[in-house]
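[1] quick one: sequence plus predicted model below, questions after.
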Amino acid sequence: MLDPILELYDLLLDKFGLQHWWPAETEFEVIIGALLTQQTRWENVEQAIINLKQQSLLTPASLAQAERGVIEECIRCTGFYRQKAERLQLLSQHFSKNGISRILEKPISELRKELLSLKGVGPETADSIILYAAHKPVFVIDAYTTRICNCIGIDGGYDALQRHFEDLLPESVQMYQEFHALIVVYGKEYCARKRCDECIISTI
DNA sequence: CACCAGGTTGACC
DNA sequence: GGTCAACATGGT
């Protein structure tokens, strides 16, 4: 009998196909997006990215020096815009000062620790950056992942769930990227609201 | 009109 | 250690 998690991957892949995440043009865009999408729909983040782009604020250096008010207006549509603007700017200053490539090239544990030290970067945001900007194998646990796990009887906090996935799955960046993307795509469609009755997880 | 979105933080037990 | 309001706009 296949592990339910592996079964889930096959099921989602079959239903939704390859996702080729993260939707962004540069690594810095991934980083910005990871922060902005916290508790926010991706469509709103896309608009914010467009706004920032129009202001030429999609590089660490430019965003680090930008006026706070300008950033706030660009990202207002993502909610929590004041604290996000501050955090974006602090984060940009860090990446600008130390070099985005130099940072992303660091080994996973060191990189994760460094990202977590930034204000506004928690486990999910840090891991999203590591997986989709640094292209290193850490499994991202988001609210949908937690819900789905609970549905199939797997409990635990962030670290426990992450360990579960990483112990079970082959250590593959591409696979981690696809799996997390599929979970989010599925989650948006079926985990939200009252659509548990259409939940394909129950077939596992 | 209530509830939710690809969370994180700081305060308080 | 864990729990919880605050953060704020836009969509259903």
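    Arrived safely.
[2] A:D10: neighbour count?
    Neighbourhood size, A:D10 [other Cβ atoms under 10 Å]: 11. In short, each C-beta sits where N, CA and C put it, glycine included.
[3] and it, helix, strand or coil?
    helix (DSSP: H, G, I helix; E, B strand; the rest coil).
[4] okay, it and A:M175: tell me how far apart.
    12 Å (Cβ to Cβ, to the nearest Å).
[5] and the helices in chain A, which stretches?
    A:4-16, A:27-36, A:42-54, A:60-65, A:68-75, A:81-98, A:100-104, A:108-116, A:123-132, A:143-151, A:158-168, A:173-186 (DSSP state H).
[6] excluding covalently adjacent residues, which one is nearest to A:A61?
    What sits nearest to A:A61 in space, not counting adjacent residues and going by Cβ to Cβ, 6 or more residues apart in numbering, is A:S96, at 4.7 Å.
[7] please report how far that neighbour lies from A:L11.
    43 Å.
[8] same deal with A:E178?
    A:E178 is 13 Å from A:L11, by Cβ to Cβ.
[9] so between the two, which is more surrounded?
    Comparing A:E178 with A:L11 by other Cβ under 10 Å, the one with more neighbours is A:E178, at 20 against 17.
[10] isn't the more buried one up against A:W22?
    No - the criterion here is Cβ atoms under 8 Å, and A:E178 misses it with A:W22 at 11.3 Å.
[11] lowest confidence element among the helices and strands of chain A?
    helix A:143-151 (a mean of 92; mean pLDDT, DSSP states H and E).
[12] report how many residues lie close to the residue in chain A that DNA strand C sits nearest to.
    Here chain A gets closest to DNA strand C at one residue, A:G79, 2.5 Å apart by Cβ to the nearest atom of the strand. A:G79 has 15 neighbours, counted by other Cβ under 10 Å.
[13] got a list of what it touches?
    A:Q39, A:T40, A:N44 (Cβ atoms under 8 Å, 6 or more residues apart in numbering).
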